[in-house]
Structure formats: structure tokens, C-alpha cells
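Peer 1: Provided below for reference: sequence and predicted model.
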Amino acid sequence: MPSHKPDASQAWTAETARRWYILFLAAAGLAAYLNSFSGVFLFDDEHAILHNAIVRGELSSWRNVLSQQRPLALLTLAANYRIGVFNVCGYHLVNLAIHLSAGLVLYDLVRRTLLLPALAPRFARAAPELALGMALLWLVHPLQTESVTYICQRAEALMGLFYLLTVYCLLRGDVAPRGHIWDVVAVLCCILGMASKEVMVTAPLLAILYDRAFLSPSWLALLRRRWVFYLALACSWGVLAVSFRAAFHTSEPAVVFQNEARVTDAAAPSPEKITGGFGMKGLTPTLYALSQPGVILHYLRLAVWPDGLCLDYSWPVAGSVSEIAPASCVLLTLLGATLWACWRSPPLAFVGAWFFLILAPTSSIMPINDLAVEHRMYLSLASVAVLVVLGGYALGPLAAGRLGIDRRLLPWLGGGLLVIAILSLGLRTRLRNADYRSDLTMWADVVAQRPANARGHNNLGRALMDRGRLRDAAHEFRLAIRLRPEYDLSHSNLGTVLLRVGDPVSAIPEFETAVRLNPWNQRAQNNLGNLLMGQGQLSRAAEHLRQAMQIDPHDPLAPLNLGMTLQLQGEWAEAADAYRRVLVLKPEDMDAHRGLAFVLHRLGQTAEGRSEYQESLRLDPTWPQTSLQMAWDLATNADPRRRVGTVAVQLATQVVQAVGHTNPQALNVLAAAYAEAGSFKEAAATARQAAEIADTQNQTDLAAAIRDRLRGYENNKPYRQPPRSRVGMPAGVSGRG
């Protein structure tokens, strides 16, 4: 009787082929994404990575990490930061490694599934090649770029890897001699997937369907064999309880913003905008569900013809029968075919269930901020790849017979078509990766495809603003406001542009509109407070700055501006507290050191104040010159809108206290500031002192100029600089050793 067992040479050949296929998969994936390593941080990367205190290691306790959404994905980002800070290449490398690992697991899962008794008679002979084709299509498809090249969507790819591993370990545990070890690993993978992203919620259900479709002859047999295993899988849902608690009970932003200027360039998200996308106002479960058939059909079109990929669709809510009915009919037909296949062909039903179940958490009834995003198709795309490859394999002989093609050529023809498809998809993936190299390129692409996308115009405006193209940026912000008048971020960003072009009067209404529309807009609150301080509206300024501090207590900018406001109000003790708070958050903030030094002098704590001045001079030896120039302009500018005497007095006083009362130029500026503030007696006394010191230092020209101004101060007349004049700073302005 002939043996069905393969001989040693056949077994070696099969194993060698498998190893080569694995290497080929890795090489194909690397080739498709090799140009992604230079991509930039983009869109949600800003709050998920760049300004995330946990990623940066500032809140690194286990309690802080586990209380966040998707803690495992967060930990991997924190590890990236620990190794390379914000070196974008490292983040892309990890994303690609996760994606390649998922592709390899998918390959072996499909290969082993095709070798199971239920499918082996039909597919065993070509199982490795069929699995290779499916995995390659899935791996290099450009629809995957949003989950791989877009860094913060690592959560989707990481969840996908553990989802596949859960089913894979279930399969291995069914046939392995010590299957319980594989079962334990499957449960661990399911837990890790739940800690990666909430879509993993369907994994226990899909594992049961896989078991029934391919491994167990009946539901009763399935439960008898593995009820403990499925109970353990169900317990992994407990991980999601923490995640959903983080999503719906956020009391303040979980992100921390870095700032480089007193006026910031973008508005911080409100809590509802950073809670996983749930709880969108004005979008009911019914409206969301009615809009999803059109979205899912769009996903299927992209799976077949991936043209028109878009990072931010701003997909409109379906509002009419003509928008809802056609797509719903198609989708219900597909869903009905899946249910019908449950009785006629459980393996085919599983492929349909894979598609619908994985999309169900995000594409059914739970309202999410964005109706359509491409990364939701990360795992569901596998079912499309399976249907395409197996459909071609099953229908190929029938088509060959009708067309009169020699069946011996079918493997070559099928393989050739597959190679063409993979090369085309891989090339399209590389082209899409190029869009991720620049935020300007990406957002220009978004608004080109979606001209009515207000968020796209806002983010394009930000990219233009970062490059100094302020006029173009203002145009984009105004377009965003025209499309969406209640868009607080665009109002805030337009206000920042107006500030940069020197129009603070027009900027104030934009910031006021932003905080009216969204009181949680921390940066608009800060910027408005800063502007009101400059306008002398100190009480209103302090109110907005205190709100900014409450919204984001980790931001050093709001307490810095509050300290300056309180300083102008003469609230010395409270101003000192504000400056100390800044230095806790940002110990080398020069403005905070200088402000604290000033108020400490006012509080009579001279020694501590002198120490703060010396520290500020160590951090920036050039600040006396720049501060004097600013104070001079605020005190003497011919344009009344540019003069703020109280601020000029405090700036000049800071310099005098830091460099000493023997510097005639510093005293000259202080005298002009006193005059602008209406303190002519102090102005005259300070000017006399400055002129006398200039004489002793043989600075005769400076002494003569000061005496000319002194006559004006004695007659209650402030000094006004001639047009285009600037005060020169002598080289001797420096701190005391």
C-alpha cells in the first residue's frame, strides 16, 4: 500500500519554499515602505506623541500609563522616545516592523488554514503560493499606508498583529501536542490587543467563528472542547473597561504642550477632541449608521482601486434617501450573502464575518468624530485579498475553458497577473508614502480632494504659517471659517497670523470668538490674555490666563503671562507664585527668572532677587540690550498704538536692577519710560542721574542727549523718537560679576 507521507526530500523542499516565501514577504514589504522613514510627525501625532507627557517620560508611573487609552501603543511610543527622542526614522521603523510581522502571521495563518481537512482537498496543493499571494496583496496595498506611515496609527497595526496572533495561536493549539500552551499565548495576545486598540473587542467572537468554520464539527463540540479557553478570551474584555473609562471620563487634556513664545500658533484640543473620537456632538447613532454604508462601499472601492486616498475625508453625514438607499442595498446584499453562507459554506461565511465584524465597532452605530478613515480597513482588507486570490484560483479553470486557454498555463497566467497587481500596488504605496514627507504636501493633497474640508484648510494654513507664508495661511484660515463658522481653531490660528503681521487690534476679536466657541481652547485663552495685557486690560487678561492654566496645568506659558499681568497690577506676591510655577515646569525660562527677580525686589527680598537676575544673565547674556530696545520703543515710539508706558517702565527697571545703577543708557531708557507713564518727577530725577554718570564715563554725546530730553520731562513732556530712529545699546551693558 503506498504511503501518503512525503519523503524527506519533499518535506525539505516544502520547508525551504516556506522560508523563501517568508523572506520574499519581508523584502516586498521593506521595498514598499523603504521611502517612508523620512516622513514627518503629522496631524494627531502632535498631541499623541510630540506633546504627550507620558511619551516624553514626564508621567511615567504605571498608574498614569494604564489609566490612558491604548496603553500598550503608548508604551511603544514612549520606548521610541527613550531611544531616539523625536528622531522620526525610529518611529517609522517600529511601525514597519509591526506591519511586516502581521503580514508574516497572516501568511502562515492562511497557509495552515488551507491545509486543514475542510479545505485541503481543494487548496492543499497550492496552499503556500495562495497564502503568499494573499499576504503580499495585503502587505503592500496602499490602503495600509495610513496604518503604517502615519505614526500615531501604530495602535491600529499593533492591534492587527495581536488580532492575527490570537486566531493563529488558536489554530496551532488545535493541532499541537501541547495545545494548552498555545491557548495561553492566544489569551495573552488577546489581552495585549485589547491594550492596543478598542477594535480588538471583536476578537473573541471571531475566534469562535473560526473554530466553528474550520476546527470543530458542531457548536456543541466546540463548547465542550474549549469553553474554558473562550471564557478566558472573554475576560480580556475587562482591559477595555479601563480604556473606555479613559475615553468618557477625561477631566482635562491628557497631553502637554510645549511653547516657544508668549503667543502660541495653534489651539489646544478640548477634552472631547482627544477621547478616542467618541461623543461627537450633533451626530446620533442613527445618523452615523445611515452614513456608514456609503463609507464601507468607499473602502471596498479603495481596496479594488486605491486611487484618491485621503488622510482627512471630513465625510458628510448622509441626509437623504438617495444618499442612503443605494449603498445600503449593496451592503445588505453582502451581509445577507454572508449569513446565507453560514449554512452552505462556513469557511466562506467566515471571510465575510472577518470583514464585517472587524469594521463593526467603528462602522456601525457608535458615533465617532470621523465617519471615514482609511486605517479602519487595516485588518478587513485581508478578507478582500483572500476573496480575490481564492476567487481567481477557483474561477480560473472555468474562465480558461470558455476562452480556450490551455489549463497548464493557468498557474503562470495567474502568477503573472498577481505579480503585476503587487508591483502596481507597491508602486502606489511608495507614491503615497511621499505625501507623508511633509505636512504641507499632505494637507495640500487633502484640500485638493476635499475642497469643503474646513479642517483640511485649517491644517494647510498651519503648515503655511510655519513656513512664514502668512498671507497664504490667513487665506486658508478664512476659507475654513467660511466653511465652518463655529471652528474655534481657525479663529485662533487666524488671530495668531494677524499678530504676526502686526495687527493685534484685529487679532483680539478672533481670539474672543475662539474662546466663546470653545472655552477649553487653552491657547486661545492664553493668547487673548496676552493681548489684553498689552492693551492694558489687566483684569480681563488675568481672567483668561487663569482659565488657560486650569485647562492645561502643565503649560508654562500661561503662568508666565499671568505673572507679567499681576506684575503690572502690582500684585507682587501672587506674581511671584506664578513665576515660581513656571520655573517648576521649565527651570531655564529666562523671562520667569527676570520676572521673579523684579517682584522679589519689590517685596524687599533683594538678595534672592539678585540671584534670579544673575541666573537670567547666565542663561542669556544679551537680554539687557534687547529688553532696553523694547522698552525704548514702548516708551518713545511715534505711533501711539505702539506705546505702553507701564510695560516699558517694568522692562527698563528689570535691566537697571540687573546691570546696576551705574549704566547711563539703562537709566536713560528708564527715564523715558517714566515720562511715557506720566511719572515726570521720577523721569527727571532718573535723567539727571543718567547724565551725571555719562559725564563721569566721558560719554559726552550721550550726556548731552539726555539733558535735551530732561528739559522736556521737567515740562511734563514725554520724549518721542524721530521716524526710523533706534536707540543704540553701548557695549558696556552687562551683568555685575
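Peer 2: It's in. Here the structure is a predicted model, which means the values were calculated and not measured.
Peer 1: Domain boundaries for this structure, per the record?
Peer 2: Split into domains by automatic domain parsing, the chain comes to 33-235+279-429, 623-714.
Peer 1: Okay, and residue 626 sits in which element?
Peer 2: If you go by DSSP states H and E, residue 626 is part of helix 623-636.
Peer 1: contacting residues around that helix?
Peer 2: 590, 594, 616-617, 642-645, 647-649, 651-652, 654-655, 658-659, 665-666, 669-670, 672-673, 675-676, 718-721, 726-727, 729, 733-735 (C-beta atoms under 8 Å, 6 or more residues apart in numbering). (Glycine included, C-beta is placed from N, CA and C.)
Peer 1: which other helices and strands contact the helix or strand following that helix?
Peer 2: Of the helices and strands lying after helix 623-636 in sequence (DSSP H and E), the nearest is helix 645-659. Here helix 645-659 touches helix 557-569, helix 590-602, helix 606-619, helix 623-636, helix 664-676, going by 3 or more C-beta pairs under 8 Å, 6 or more residues apart in numbering; DSSP states H and E.
Peer 1: which residues sit against the second one?
Peer 2: When you say that, I think you mean helix 590-602. Against helix 590-602 from outside (C-beta under 8 Å, 6+ apart): 262, 556, 560, 563-564, 567, 572-573, 575-576, 579-580, 582-583, 586, 606, 608-613, 615-616, 619-620, 623, 650, 653-654, 657-658.
Peer 1: Tell me how many other residues crowd residue 339.
Peer 2: The number of residues packed around residue 339, counting by other C-beta atoms under 10 Å, is 12.
Peer 1: host element of the nearest residue to it once chain neighbours are set aside?
Peer 2: Leaving aside its sequence neighbours, residue 339 sits nearest to residue 349 (C-beta to C-beta, 6 or more residues apart in numbering; 7.5 Å). Assessed by DSSP H and E, residue 349 sits inside helix 346-359.
Peer 1: quick one: low-confidence ranges for the stretch 1-150 of the chain?
Peer 2: 1-12, 59-67 (pLDDT under 70).
Peer 1: again, only this time at 90
Peer 2: 1-19, 38-39, 46-48, 50-71, 118, 124-125 (pLDDT under 90).
Peer 1: What about residue 583, how many residues nearby?
Peer 2: That count, for residue 583 with other C-beta under 10 Å as the rule, works out to 19.
Peer 1: Identify the residues contacting it.
Peer 2: With C-beta under 8 Å, 6+ apart, residue 583 has these contacts: 589, 592-593, 596.
Peer 1: change it to 7 Å
Peer 2: 589, 592 (C-beta atoms under 7 Å, 6 or more residues apart in numbering).
Peer 1: Over to residue 694?
Peer 2: Per C-beta under 7 Å, 6+ apart, neighbours of residue 694: 664, 702-703, 706.
Peer 1: Turn the helices and strands packed on helix 645-659 into TSV, including mean pLDDT, distance to residue 208 and mean neighbour count.
Peer 2: Converted to TSV, the helices and strands packed on helix 645-659 look like this (pLDDT from 0 to 100; distance: least, C-beta to C-beta, whole Å; neighbours: other C-beta atoms under 10 Å):
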stretch	mean pLDDT	distance to residue 208	mean neighbour count
helix 557-569	92	52	26
helix 590-602	85	59	24
helix 606-619	80	63	17
helix 623-636	82	68	22
helix 664-676	93	78	28
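Peer 1: Output the ones you listed in TSV; the columns should cover distance to residue 529.
Peer 2: Formatted as TSV, the helices and strands packed on helix 645-659 follow (distance: least, C-beta to C-beta, whole Å):
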stretch	distance to residue 529
helix 557-569	6
helix 590-602	15
helix 606-619	23
helix 623-636	19
helix 664-676	23
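Peer 1: So which of those is nearest residue 169?
Peer 2: Residue 169 lies closest to helix 557-569 among these, at 49.2 Å (C-beta to C-beta).
Peer 1: tilt between the following helix or strand past the closest one and helix 557-569?
Peer 2: Scanning forward in sequence from helix 557-569 by DSSP H and E, the next helix or strand is helix 572-585. Orientation of helix 572-585 against helix 557-569 (axes from the mean of the first three to the mean of the last three C-alpha atoms, to 10 degrees) gives an angle of 160 degrees.
Peer 1: what's the angle from helix 572-585 to helix 590-602?
Peer 2: Going by the same axes, to 10 degrees, helix 572-585 makes 150 degrees with helix 590-602.
Peer 1: show me the contacts for residue 360.
Peer 2: Neighbours of residue 360 in contact, by C-beta under 7 Å, 6+ apart: residue 202.
Peer 1: Model confidence at it, what's the number?
Peer 2: pLDDT, the model's per-residue confidence, is 94 for residue 360.
Peer 1: So residue 629 versus residue 439, what's the distance?
Peer 2: 35 Å (C-beta to C-beta, to the nearest Å).
Peer 1: related to what we said a few turns ago, what packs against the helix holding residue 349?
Peer 2: Other helices and strands packing on helix 346-359, by 3 or more C-beta pairs under 7 Å, 6 or more residues apart in numbering; DSSP states H and E, are helix 203-210, helix 321-344, helix 381-403.
Peer 1: 10 Å - rerun?
Peer 2: Helices and strands touching helix 346-359, by 3 or more C-beta pairs under 10 Å, 6 or more residues apart in numbering; DSSP states H and E, are helix 88-114, helix 154-175, helix 203-210, helix 285-304, helix 321-344, helix 381-403.
Peer 1: quick one, that helix and helix 381-403 angle?
Peer 2: Using the same axes, to 10 degrees, helix 346-359 lies at 140 degrees relative to helix 381-403.
Peer 1: which residues of the stretch 151-300 of the chain score low on pLDDT?
Peer 2: For the stretch 151-300 of the chain (pLDDT under 90), the answer is 175-180, 238-286.
Peer 1: cutoff 80 now
Peer 2: 179, 242-283 (pLDDT under 80).
Peer 1: contacting residues around the closest residue to residue 353 other than its chain neighbours?
Peer 2: Distances taken as C-beta to C-beta, 6+ apart place residue 209 nearest to residue 353, at 5.3 Å, with adjacent residues excluded. Shown in contact with residue 209 (C-beta atoms under 10 Å, 6 or more residues apart in numbering): 167, 202, 342, 346, 349-350, 353-354, 357.
Peer 1: Now a PyMOL select for only the buried ones of those residues.
Peer 2: Buried residues within the contacts of residue 209, by 16 or more other C-beta atoms under 10 Å, are selected in PyMOL with:
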select buried, resi 167+202+342+346+349+350+353+354+357
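Peer 1: Let's have the contacts of residue 209 in JSON lines, adding distance to residue 492.
Peer 2: Output for the contacts of residue 209, formatted as JSON lines (distance: C-beta to C-beta, whole Å):
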{"residue": "167", "distance to residue 492": "46"}
{"residue": "202", "distance to residue 492": "39"}
{"residue": "342", "distance to residue 492": "53"}
{"residue": "346", "distance to residue 492": "55"}
{"residue": "349", "distance to residue 492": "51"}
{"residue": "350", "distance to residue 492": "49"}
{"residue": "353", "distance to residue 492": "45"}
{"residue": "354", "distance to residue 492": "43"}
{"residue": "357", "distance to residue 492": "41"}
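Peer 1: Fine, thanks again, bye for now.
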